[in-house]
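Chemist: mind looking at a prediction? Sequence and model below.
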Amino acid sequence: MTDCLALPDRPALSAHALPDRDSRLVSSLDEILCERALVLDGAMGTMVQRRSLGEADFRGTRWPDHAKDLKGNNDLLVLTRPDVIADIHREYLLAGADLIETNTFAATRVAQADYDLQEIAYELNVAGARLAKEVAEQVAKQTGTPRFVAGSIGPTNRTLSISPDVNDPAFRAVSWSDIEAGYAEQVRGLLDGGADLLLVETIFDTLNAKACLFAIEQEFVRRGERVPVMISVTITDRSG
């Protein structure tokens, strides 16, 4: 994070003098990183696919009559099949992962709108973080090795930099305000659920990333606390 993130018509946000959410966590991470690399878990989607779940698994008892198909909305499983997600977290941890990602890659209001479930975005993030944290603490106690939870923040299914209409290069399917607000809601949920750090992952649009980092910094300022932030980036080829 930079010392100050400032955007047009937005106040500058100081990153100084904000206390860590848990100084013991940061100290523990620093100590481990001085000795070795931390191992991050692997893909969630392919592990879910191996379970051969059906539409009923995604609907659960809460959405039996939902108008849209829900199969494929993997983030929803933290509410409808938490046992499946917990098992996947546990498998990665027992295989040696130091960090596990919450099952919240698409748990933004923007992405969940495809399923007409945008109103549960915050709930998904809280539940996803709590579930991962519970499993991480269980395995840490079992093995005697500290384990950490990274709040997964995906790129959304909309881009601020590229028009989805080749005939209208200026058109955007989403606004900065929509993206920023969606990320802000997700960050609140992940932190409220107990995520140890935030992982802005698979970013393919630097403007989306800027909106996400700005939303994170705003939330840090609002809460008066911060956690570590990681970023992974997808680099596109010359085709765009």
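Modeler: Happy to help now that I have it.
Chemist: quick check: closest non-adjacent residue to I85.
Modeler: Spatial nearest neighbour of I85, excluding adjacent residues (Cβ to Cβ, 6 or more residues apart in numbering): N103 at 4.9 Å. (C-beta placed from N, C-alpha, C; glycine too.)
Chemist: pLDDT value on that neighbour, please?
Modeler: What the model reports for N103 is a pLDDT of 98.
Chemist: give the contact list for it.
Modeler: M44, N74, D75, L77, V78, I85, I88, G128, L131, A132, S152 (Cβ atoms under 8 Å, 6 or more residues apart in numbering).
Chemist: next step: those residues restricted to helices.
Modeler: Using DSSP state H, L77, V78, I85, I88, G128, L131, A132 are the members of the contacts of N103 that sit in helices.
Chemist: need the helices for the protein, in chain order.
Modeler: 23-35, 45-49, 55-59, 77-80, 82-94, 109-112, 121-143, 176-193, 206-223.
Chemist: and of these, who's closest to N157?
Modeler: Across the helices of the chain, N157 has its closest neighbour in helix 109-112 (5.1 Å, Cβ to Cβ).
Chemist: and the contacts of the closest one?
Modeler: 73, 75, 106, 118, 120-121, 124, 154, 156-158, 174, 178-179, 181-182, 185.
Chemist: how far away is T80 from S175?
Modeler: 31 Å (Cβ to Cβ, to the nearest Å).
Chemist: and those two? which has more neighbours close in?
Modeler: The residue with more neighbours, out of T80 and S175, is T80; 20 against 12, by other Cβ atoms under 10 Å.
Chemist: OK, contacts around that one?
Modeler: D57, F58, R59, G60, T61, R62, W63.
Chemist: pretty sure the second one sits against H66.
Modeler: No: taking Cβ atoms under 8 Å as the definition, F58 is not a contact partner of H66, at 9.2 Å.
Chemist: so these two - more neighbours on which side?
Modeler: Set F58 next to H66 and count neighbours by other Cβ under 10 Å: F58 wins out with 22 against 14.
Chemist: not counting its neighbours along the chain, what's nearest that one?
Modeler: In space, F58 is closest to L70, 4.0 Å off (Cβ to Cβ, 6+ apart).
Chemist: what number of residues lie near the one you found?
Modeler: When neighbours are counted by other Cβ under 10 Å, L70 comes out with 19.
Chemist: over to I153?
Modeler: Neighbours of I153 (other Cβ under 10 Å): 33.
Chemist: swap in the one 4 residues further on?
Modeler: Counted with other Cβ under 10 Å, the burial measure for N157 works out to 14 neighbours.
Chemist: now do it against T108, distance only.
Modeler: Computed as Cβ to Cβ, the N157 to T108 distance reads 9 Å.
Chemist: do you know how far the residue of the chain positioned farthest from its centre is from V174?
Modeler: Relative to the mean C-alpha coordinate of the chain, counting by Cα atoms, centre = their mean, the farthest residue is N167 (33.0 Å). Separation of N167 from V174 (Cβ to Cβ): 18 Å.
Chemist: in CSV: the contacts of N103, plus distance to S232.
Modeler: CSV is the format used below for those (distance: Cβ to Cβ, whole Å):
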residue, distance to S232
M44, 14
N74, 18
D75, 18
L77, 22
V78, 21
I85, 21
I88, 19
G128, 18
L131, 22
A132, 17
S152, 10
